[in-house]
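I would like the atomic coordinates for the input below:
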Amino acid sequence: MTDASTVTDEVAELQKKQQRFEIVAAVLLGLATVTIAWGSYQANLWGGMQDKALTESARLSTDAASEYEEASSIISLDQTLFVEVVLQLNQPGGDEDAALETVDFITTNMSEQGEAAVNDWFDNDLDFPFTDAYYESFYSAGDETIQESDAKFEEGSQNNTTGDKYVLVSTILASVLFFAGISTVLHTDRVKRVLLGSAAVLWIGAAIYIATLPIASL
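Take a look at the predicted model:
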C-alpha cells in the first residue's frame with residue numbers, strides 16, 4: 001500500500017517540474033516577443049531609410065537631367081555661333097578686319113569654354129574646336145550627379161535587403177511563440193519538451209543572426 005506522504009511528495013515534485021517548465025516557457029515567450037518587437041522596429045527604420053535613399057536618388061537623377069539639358073543648350077549655342085564665325089572668316093571678297101571684329105564679337109557671346117576652344121582652333125589651325133575635353137567640361141557635373149544618384153539607389157537597395165532580413169527573423173520568431181505557447185497546454189511531457197526545445201533552438205539561432213545585422217537609428 002502506497003504511503004500517503006510519498007504520493008504527496010510525488011505530486012509536489014510534479015507540480016514543481018510543471019512550474020519550472022512554465023517559467024522557462026514564459027521566459028522564452030517574453031524573449032521572443034521582445035526580439036520580434038526589435039526586429040519589427042528595425043525593419044520599419046530600414047524601410048524608411050530605403051524610401052529616403054530612393055527619393056534622394058530620384059531627385060539627383062532629375063538634377064542630372066537638368067544639368068545635361070543645360071549643358072546641351074550651351075553646347076548648341078556655341079556650335080551655332082561657331083558656324084557664324086566660319087561664315088564670317090570665309091566670306092569671299094569681304095573686309096578681313098571687319099570680319100575679325102565680327103568674329104571677336106561673336107566669340108564673346110559664347111561660353112567661356114567655347115570662346116577658348118574657338119580661339120585655340122583659330123590660333124593653331126585645328127580641324128575642329130570642340131574636343132572631348134570641351135564636352136567633358138559641360139557634362140562632367142551631370143556625370144557626377146548621376147554617380148551620386150546610382151550610389152543612393154544602391155544604398156536604398158541595401159537598406160531594403162537589410163529590412164527584409166529583419167522581417168525574416170521576425171517571421172521565424174513567430175514560430176517560437178507558437179511552439180513555446182502550445183507546449184504549455186499539452187499534457188504529453190515528451191512532446192512538450194520537444195516543442196519547447198525546438199522553440200529555444202529557433203530563438204537562439206534567430207538571436208545570433210539578428211545580432212549580426214546592422215542597426216539603424218533615428
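
what distance separates the lowest-mean-pLDDT helix or strand in the chain from the centre of its chain?
Lowest mean confidence among the helices and strands of the chain (mean pLDDT, DSSP states H and E): helix 96-108, at a mean of 85. Distance of helix 96-108 from its chain centroid, counting by CA atoms, centre = their mean, to the nearest Å, is 53 Å.

Can you spell out which helices and strands pack onto it?
On a contact count with 3 or more CB pairs under 8 Å, 6 or more residues apart in numbering; DSSP states H and E, helix 96-108 meets helix 4-89, helix 112-124. For the C-beta atoms, the positions are set from N, CA and C on the backbone; glycine is no exception.

Helix 4-89 and the following helix or strand past the shortest one, what's the angle between them?
Scanning the chain past helix 112-124 towards its C-terminal end, the next helix or strand to appear is helix 132-183 (assignment: DSSP states H and E). Relative orientation of helix 132-183 and helix 4-89, computed by axes from the mean of the first three to the mean of the last three CA atoms, to 10 degrees: 170 degrees.

helices and strands around helix 132-183, which ones?
helix 4-89, helix 112-124, helix 189-211.

got the angle for it vs helix 189-211?
Using the same axes, to 10 degrees: helix 132-183 against helix 189-211 is 160 degrees.

which non-adjacent residue is nearest the most centrally placed residue in the chain?
By CA atoms, centre = their mean, the chain has its centre lying nearest to residue 156, at 1.6 Å. Spatially, and ignoring its direct neighbours in sequence, residue 156 is nearest to residue 53 (3.6 Å; CB to CB, 6 or more residues apart in numbering).

how many other residues sit next to that neighbour?
Residue 53 is flanked by 20 other residues according to other CB atoms under 10 Å.
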